[in-house]
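Novice: Fold the following, please.
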Amino acid sequence: MAEKRIFTFEQTEGIPQHTATKVSDEKAKEIVESGAGVEISFGDYDQLEAKASKAYDDYKQKVKEIKESDNPLHTDEYKRWEISKLERQYTNESRALQREWEEKQKEMINQAQQKAAKATVNVTQADYTLADQLATRLALQIKGASNGLEAAAALKDAEASIKHLSDSEKVALQSKMDGLLSAIEQAGEKYNGRKGNQSEVNIKPSIVLQNVQDVRNPDLLAGKVADQLPPNVNVKKSRGQQVKKRVF
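Specialist: Numbers count the residues shown, from 1 in each chain. Reported below is the predicted structural model:
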């Protein structure tokens, strides 16, 4: 099945927010078109991982052919010597590919960290004014709830309101969250676990926090993507060793 690598702006399809992962082409298209994520690349990783996988497959196949050879000249000593030679060749090739990736990975992480450190979102006084008023209003709505269902509904309104803010408005709101988070936590302590309309109320700030952190500035997010670069190109070899450990 063809796959694409995506990075999620928000939790979607069971994938946590700010996660780089591979999904099917069909799911990737759905996520990108919904605005919940974007297609990304890990540079030369896929190419190097494919080379490493081919090297492993070739090595295993050659070892198999030697072990199964019925040539009378291929004594046990000869087979051990040939397999030892193949092991050295494969080890050298896999290590070289791993070193090449580690150098590229280091460079990519350094570039991403520089971008993230210098990234800015232009926040105006109007953004701060809106954020201050919105945080106060949302906190009052949650505090004013007379029961768990009303508190849960107020929280839903807060989640929706924050989700539709611009990047600059979300950045402004990030510095105004204390009162709102306190109101949510207090409502949770008061109403969580209680039943209303046959369902338990579950009031938590997780979605509000997710939405206010959903700032889609590419430079700001570069560091989060770089943090998830795979450490190893010899994936197939590692999987083979894990299987061997489980079997034996």
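
Novice: so which helix or strand takes in P231?
Specialist: Taking DSSP states H and E as the definition, one finds P231 inside no helix or strand.

Novice: Check what pLDDT it gets.
Specialist: P231 is assigned a predicted lDDT (pLDDT) of 95.

Novice: Spell out the secondary structure type for the residue sitting furthest away from the middle of the chain.
Specialist: Most distant residue from the mean C-alpha position of the chain: P72, 54.4 Å away (C-alpha atoms, centre = their mean). Reduced to three states with DSSP: H, G, I helix; E, B strand; the rest coil, the structure at P72 is coil.

Novice: helices or strands next to the longest helix along the chain in the packing?
Specialist: In the chain, assigned by DSSP state H, the helix with the most residues is helix 76-118. Where contact means 3 or more C-beta pairs under 8 Å, 6 or more residues apart in numbering; DSSP states H and E, helix 76-118 is packed against helix 45-68, helix 218-226. Every residue, glycine included, has its C-beta placed from N, CA and C.

Novice: Packing partners of the helix or strand just after that helix?
Specialist: Per DSSP H and E, the first helix or strand lying C-terminal to helix 76-118 is helix 125-143. Here helix 125-143 touches helix 148-163, helix 167-174, helix 178-191, going by 3+ C-beta pairs under 8 Å, 6+ apart.

Novice: name the helices or strands packed onto the first one?
Specialist: Identification of packing neighbours for helix 148-163 by 3+ C-beta pairs under 8 Å, 6+ apart yields helix 125-143, helix 178-191, strand 195-196, helix 206-212.

Novice: quick one, which of the ones you listed is nearest to Q47?
Specialist: Between Q47 and the helices and strands packed on helix 148-163, the tightest spacing by C-beta to C-beta is seen for helix 206-212, at 33.7 Å.

Novice: Show me the contact partners of that closest one.
Specialist: Helix 206-212 has contacts (C-beta atoms under 8 Å, 6 or more residues apart in numbering) with 10-11, 17, 155, 158-159, 162-163, 170, 173-174, 177, 180-181, 184.

Novice: Select the helix or strand of the protein having the lowest average pLDDT value.
Specialist: strand 195-196 (a mean of 61; mean pLDDT, DSSP states H and E).

Novice: least reliable of the helices and strands packed on helix 148-163 going by mean pLDDT?
Specialist: strand 195-196 (a mean of 61).

Novice: before we move on, the earlier item: need the winner for burial among the helices and strands packed on helix 76-118.
Specialist: Comparing the helices and strands packed on helix 76-118 on average neighbours per residue, with mean count of other C-beta atoms under 10 Å, the densest one is helix 218-226 at a mean of 17.

Novice: That helix vs helix 76-118, what angle?
Specialist: Interaxial angle of helix 218-226 relative to helix 76-118 (axes from the mean of the first three to the mean of the last three C-alpha atoms, to 10 degrees): 150 degrees.

Novice: and helix 218-226, what other elements does it pack with?
Specialist: Packed next to helix 218-226, using 3+ C-beta pairs under 8 Å, 6+ apart, are strand 3-8, helix 76-118.
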